[in-house]
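Peer 1: Quick check, what structure comes out for this input:
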Amino acid sequence: MKTTTLKLVKPPKPGEIDELDELVKLFEKQKERVEIEFAIEKKIKKLMPLMNQEMRLAKDILNTIAQLKMDQGLQQRHLGTVDLDTSKVKEVAGAYGKPDVGSILSNPKSRRKISGVLSKLALVQREREAIGEAEADPEPTDE
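Peer 2: Below you'll find the model as predicted:
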């Protein structure tokens, strides 16, 4: 059986910069710097404040590499799954006199819809906070 591999990203033309390759090289250099700082910390048996900054920069470079790979279709982020014991959801909702809530939350399709709505609300809230509108809104009331 012959296997065909599809490359989603075109290699850079001569003279063009391959951002992914350059980020990997940059990360390797940053990793060397972290290792040097770590060796110094071990030698003097004292934490160095600069190490936090060096490690944060290494993490940022790694995140940028991961994001670029996902943007190029080279890798996906695997977040895993969450198992939910729906009998407990129904039980808790029933205890508060809200059996309809338990039925809604025990249905996977309903949970996806609720999750989608909550994600959109969170996005709107972040956007409003970014432009400073959130402070003017009154606190929500529970009815």
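
Peer 1: Which helix or strand lies directly C-terminal to the helix or strand hosting residue 24?
Peer 2: Residue 24 belongs to helix 19-44 when elements are defined using DSSP states H and E. Next along the chain after helix 19-44, taking DSSP H and E as the criterion, comes helix 49-71.

Peer 1: ok, back up a step: just checking, what packs against the helix holding residue 24?
Peer 2: Using 3 or more CB pairs under 8 Å, 6 or more residues apart in numbering; DSSP states H and E, the elements in contact with helix 19-44 are helix 49-71. Heads up, the C-betas are built off the backbone N, CA and C, glycines and all.

Peer 1: per-domain residue ranges of this structure.
Peer 2: With automatic domain parsing as the criterion, the domains of the chain are listed as 19-71, 86-134.

Peer 1: of those, which approaches residue 13 most closely?
Peer 2: With CB to CB as the measure, domain 19-71 is the member of the domains of the chain nearest residue 13 (13.5 Å).

Peer 1: related to what we said a few turns ago, I'd like the distance from the helix holding residue 24 to the chain centre, please.
Peer 2: 23 Å (CA atoms, centre = their mean, to the nearest Å).

Peer 1: in it, what's buried?
Peer 2: Judged by neighbour count using 16 or more other CB atoms under 10 Å, the buried positions of helix 19-44 are 20, 23, 27, 30, 37.

Peer 1: one step back: compare the mean pLDDT across the domains of the chain and name the weakest.
Peer 2: The weakest mean pLDDT among those belongs to domain 86-134, with a mean of 75.

Peer 1: So residue 40 sits against residue 47, correct?
Peer 2: No. Using CB atoms under 8 Å, residue 40 is not in contact with residue 47; the gap is 10.4 Å.

Peer 1: Not counting sequence-adjacent ones, nearest residue to residue 75?
Peer 2: In this structure, residue 75 finds its nearest non-sequential neighbour in residue 69, 4.3 Å apart by CB to CB, 6 or more residues apart in numbering.
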